[in-house]
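Q: My questions are about this predicted structure, shown below with the sequence.
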Amino acid sequence: MKVIGLVGWSGAGKTTLIAKLLPALIAQGLRVSTIKHAHHGFDLDKPGKDSWVHRQFGASEVLIASERRWALMHELRGESEPSLPELLDKLSHADLVLIEGFKSEAYPKIEIYRAANGKLGLFQNDPSIVGIVTDTIVSTALPVENLDDIAAITTMVLKSAIQREDLLAFAEANSLRTSLALHRNLP
(Lines give C-alpha, C1' and ligand atoms only; values in the text may rest on other atoms or scores of the structure.)
Protein backbone atom coordinates (compact mmCIF):
# COMPACT_ATOMS: atom_id res chain seq x y z
CA MET A 1 0.00 0.00 0.00
CA LYS A 2 1.42 3.36 -1.05
CA VAL A 3 0.38 6.65 0.51
CA ILE A 4 0.42 10.29 -0.56
CA GLY A 5 -1.30 13.32 0.88
CA LEU A 6 -3.02 16.32 -0.61
CA VAL A 7 -2.92 19.37 1.62
CA GLY A 8 -3.68 23.05 1.33
CA TRP A 9 -5.57 25.87 2.90
CA SER A 10 -9.35 25.71 3.08
CA GLY A 11 -10.83 26.51 -0.31
CA ALA A 12 -7.76 25.40 -2.26
CA GLY A 13 -9.67 22.60 -3.99
CA LYS A 14 -8.35 19.46 -2.29
CA THR A 15 -11.62 17.54 -2.48
CA THR A 16 -12.30 18.68 -6.05
CA LEU A 17 -8.83 17.50 -7.09
CA ILE A 18 -9.30 14.12 -5.40
CA ALA A 19 -12.61 13.73 -7.24
CA LYS A 20 -10.72 14.22 -10.53
CA LEU A 21 -7.74 12.04 -9.56
CA LEU A 22 -9.75 9.01 -8.44
CA PRO A 23 -11.09 8.09 -11.90
CA ALA A 24 -7.66 8.69 -13.47
CA LEU A 25 -5.94 6.42 -10.94
CA ILE A 26 -8.64 3.74 -11.07
CA ALA A 27 -8.43 3.74 -14.87
CA GLN A 28 -4.80 2.61 -14.43
CA GLY A 29 -6.07 -0.49 -12.63
CA LEU A 30 -5.32 0.75 -9.11
CA ARG A 31 -7.45 0.08 -6.07
CA VAL A 32 -7.56 3.47 -4.34
CA SER A 33 -8.81 4.38 -0.86
CA THR A 34 -8.96 7.75 0.84
CA ILE A 35 -8.61 9.14 4.34
CA LYS A 36 -10.06 12.56 5.10
CA HIS A 37 -9.10 14.50 8.22
CA ALA A 38 -11.92 16.51 9.78
CA HIS A 39 -10.95 19.40 12.03
CA HIS A 40 -14.20 19.40 13.95
CA GLY A 41 -16.60 16.85 15.27
CA PHE A 42 -18.50 15.16 12.48
CA ASP A 43 -21.32 12.71 12.28
CA LEU A 44 -22.27 10.14 9.68
CA ASP A 45 -25.44 9.35 11.56
CA LYS A 46 -28.73 11.17 11.86
CA PRO A 47 -30.20 11.86 15.29
CA GLY A 48 -32.90 9.37 16.11
CA LYS A 49 -31.54 6.55 13.91
CA ASP A 50 -30.81 3.29 15.73
CA SER A 51 -27.04 3.51 15.29
CA TRP A 52 -27.07 7.12 16.57
CA VAL A 53 -29.00 5.96 19.65
CA HIS A 54 -26.47 3.16 20.23
CA ARG A 55 -23.60 5.69 20.24
CA GLN A 56 -25.45 8.24 22.36
CA PHE A 57 -26.02 5.63 25.03
CA GLY A 58 -22.38 4.59 25.22
CA ALA A 59 -21.45 2.03 22.56
CA SER A 60 -17.72 2.24 21.83
CA GLU A 61 -18.16 1.04 18.26
CA VAL A 62 -21.19 0.77 16.04
CA LEU A 63 -21.03 -1.14 12.78
CA ILE A 64 -23.77 -0.48 10.26
CA ALA A 65 -24.18 -2.90 7.38
CA SER A 66 -26.45 -3.24 4.38
CA GLU A 67 -26.34 -5.00 1.03
CA ARG A 68 -24.47 -2.03 -0.47
CA ARG A 69 -21.97 -0.90 2.17
CA TRP A 70 -20.86 -1.10 5.74
CA ALA A 71 -19.41 1.52 8.05
CA LEU A 72 -17.73 1.26 11.42
CA MET A 73 -17.93 4.23 13.75
CA HIS A 74 -15.61 4.32 16.72
CA GLU A 75 -16.26 6.78 19.54
CA LEU A 76 -13.03 8.03 21.12
CA ARG A 77 -14.73 8.97 24.39
CA GLY A 78 -11.77 11.01 25.62
CA GLU A 79 -9.03 8.93 23.97
CA SER A 80 -6.46 10.69 21.79
CA GLU A 81 -7.14 11.09 18.09
CA PRO A 82 -5.50 8.17 16.24
CA SER A 83 -2.32 8.93 14.32
CA LEU A 84 -2.22 8.65 10.57
CA PRO A 85 -0.30 5.31 10.70
CA GLU A 86 -2.90 3.90 13.10
CA LEU A 87 -5.69 4.92 10.73
CA LEU A 88 -3.88 3.44 7.72
CA ASP A 89 -3.66 0.15 9.62
CA LYS A 90 -7.48 0.07 9.81
CA LEU A 91 -7.95 0.17 6.03
CA SER A 92 -8.42 -2.87 3.85
CA HIS A 93 -5.73 -3.46 1.24
CA ALA A 94 -5.43 -0.80 -1.44
CA ASP A 95 -2.71 -0.03 -3.96
CA LEU A 96 -2.82 3.67 -3.10
CA VAL A 97 -4.27 5.76 -0.30
CA LEU A 98 -4.95 9.44 -0.97
CA ILE A 99 -4.91 11.37 2.29
CA GLU A 100 -6.70 14.70 2.51
CA GLY A 101 -5.42 16.79 5.37
CA PHE A 102 -3.24 15.81 8.33
CA LYS A 103 -1.13 18.90 7.49
CA SER A 104 0.91 18.69 10.69
CA GLU A 105 1.98 15.05 10.28
CA ALA A 106 5.23 14.16 8.53
CA TYR A 107 4.34 12.14 5.46
CA PRO A 108 4.77 12.93 1.73
CA LYS A 109 2.28 15.62 0.72
CA ILE A 110 1.44 17.49 -2.43
CA GLU A 111 0.21 21.01 -1.75
CA ILE A 112 -2.72 22.46 -3.63
CA TYR A 113 -1.85 26.15 -3.69
CA ARG A 114 -4.08 28.94 -4.97
CA ALA A 115 -2.90 32.54 -4.99
CA ALA A 116 -6.51 33.65 -4.40
CA ASN A 117 -6.34 32.22 -0.87
CA GLY A 118 -4.00 35.08 -0.01
CA LYS A 119 -1.85 32.91 2.27
CA LEU A 120 1.74 31.77 2.12
CA GLY A 121 2.27 28.36 0.62
CA LEU A 122 2.61 25.56 3.15
CA PHE A 123 5.61 24.31 1.14
CA GLN A 124 7.65 27.25 2.43
CA ASN A 125 7.71 25.81 5.96
CA ASP A 126 6.93 22.12 5.54
CA PRO A 127 9.81 19.92 4.34
CA SER A 128 7.44 16.96 3.89
CA ILE A 129 5.77 18.65 0.91
CA VAL A 130 7.13 16.90 -2.18
CA GLY A 131 5.28 18.76 -4.93
CA ILE A 132 2.90 21.60 -5.67
CA VAL A 133 -0.26 21.79 -7.76
CA THR A 134 -1.22 25.36 -8.47
CA ASP A 135 -3.07 27.85 -10.63
CA THR A 136 -0.23 30.39 -10.47
CA ILE A 137 3.56 30.63 -10.73
CA VAL A 138 5.54 29.67 -7.63
CA SER A 139 9.25 29.93 -7.00
CA THR A 140 10.49 26.59 -5.66
CA ALA A 141 12.80 23.71 -6.44
CA LEU A 142 9.89 21.29 -5.90
CA PRO A 143 8.03 19.75 -8.84
CA VAL A 144 5.09 21.98 -9.86
CA GLU A 145 2.06 21.06 -11.96
CA ASN A 146 -0.87 23.10 -13.21
CA LEU A 147 -4.10 22.52 -11.33
CA ASP A 148 -5.92 21.69 -14.58
CA ASP A 149 -3.43 19.05 -15.79
CA ILE A 150 -4.88 15.90 -14.24
CA ALA A 151 -2.59 13.58 -16.25
CA ALA A 152 0.53 15.37 -14.95
CA ILE A 153 -0.83 15.48 -11.40
CA THR A 154 -1.61 11.75 -11.58
CA THR A 155 2.00 11.11 -12.59
CA MET A 156 3.22 13.32 -9.71
CA VAL A 157 1.01 11.43 -7.25
CA LEU A 158 2.32 8.04 -8.40
CA LYS A 159 5.97 9.18 -8.38
CA SER A 160 5.67 10.81 -4.93
CA ALA A 161 3.71 8.12 -3.08
CA ILE A 162 5.69 5.94 -0.70
CA GLN A 163 5.07 2.51 0.78
CA ARG A 164 3.12 2.50 4.06
CA GLU A 165 6.01 0.77 5.81
CA ASP A 166 8.37 3.62 4.83
CA LEU A 167 6.36 6.30 6.68
CA LEU A 168 8.42 6.10 9.88
CA ALA A 169 11.70 6.49 7.98
CA PHE A 170 10.20 9.40 6.03
CA ALA A 171 9.10 11.11 9.28
CA GLU A 172 12.52 10.59 10.86
CA ALA A 173 14.32 12.00 7.80
CA ASN A 174 11.88 14.91 7.76
CA SER A 175 12.60 15.63 11.43
CA LEU A 176 16.33 15.57 10.74
CA ARG A 177 15.93 17.98 7.79
CA THR A 178 13.91 20.34 9.99
CA SER A 179 16.49 20.19 12.79
CA LEU A 180 19.35 20.89 10.39
CA ALA A 181 17.49 23.82 8.84
CA LEU A 182 16.80 25.31 12.27
CA HIS A 183 20.43 24.80 13.30
CA ARG A 184 21.67 26.60 10.16
CA ASN A 185 19.43 29.57 10.92
CA LEU A 186 20.71 30.03 14.49
CA PRO A 187 22.97 33.06 15.11
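A: Thanks, I have the structure now.

Q: Is the closest residue in space to residue 91 that isn't next to it in sequence part of a helix or strand, or is it coil?
A: Across the structure, with CB to CB, 6 or more residues apart in numbering as the measure, the residue nearest residue 91 apart from its sequence neighbours is residue 33 (5.4 Å). (Glycine included, C-beta is placed from N, CA and C.) Three-state assignment for residue 33 (DSSP: H, G, I helix; E, B strand; the rest coil): strand.

Q: my guess is residue 33 meets residue 100, correct?
A: No: with contact defined as CB atoms under 8 Å, residue 33 does not reach residue 100; the gap is 11.7 Å.

Q: partner residues bridging the residue nearest to residue 91?
A: For residue 33, the beta-bridge partners under DSSP bridges are residue 97.

Q: Next up, the contacts around it.
A: Shown in contact with residue 33 (CB atoms under 8 Å, 6 or more residues apart in numbering): 91-92, 94, 96-98.

Q: Same list, the residues you listed, but as a markdown table with neighbour count please.
A: A markdown table is the format used below for the contacts of residue 33 (neighbours: other CB atoms under 10 Å):
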| residue | neighbour count |
| --- | --- |
| 91 | 14 |
| 92 | 7 |
| 94 | 17 |
| 96 | 21 |
| 97 | 21 |
| 98 | 23 |
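
Q: Now for these: which two are most distant?
A: Spatial extent of the contacts of residue 33 (CB to CB) is set by the pair 92 and 98 at 14.9 Å.

Q: Where do the helices of the chain begin and end?
A: Ranges of helices in the chain, per DSSP state H, are 14-26, 50-56, 84-90, 150-160, 167-184.

Q: if we compare the ones you listed, which one ends up closest to residue 119?
A: Closest among the helices of the chain, using CB to CB: helix 14-26, at 14.1 Å.

Q: what's the closest one in contact with?
A: Residues contacting helix 14-26 (CB under 8 Å, 6+ apart): 6-8, 32, 34, 96, 98, 100-101, 112, 133, 147, 150-151, 153-154, 157-158.

Q: now stretch 65-83
A: Residues contacting stretch 65-83 (CB under 8 Å, 6+ apart): 44-45, 51, 55, 59-64, 90, 105.

Q: Report the buried residues of that stretch.
A: Of all the residues in stretch 65-83, those buried under the rule 16 or more other CB atoms under 10 Å are residue 73.
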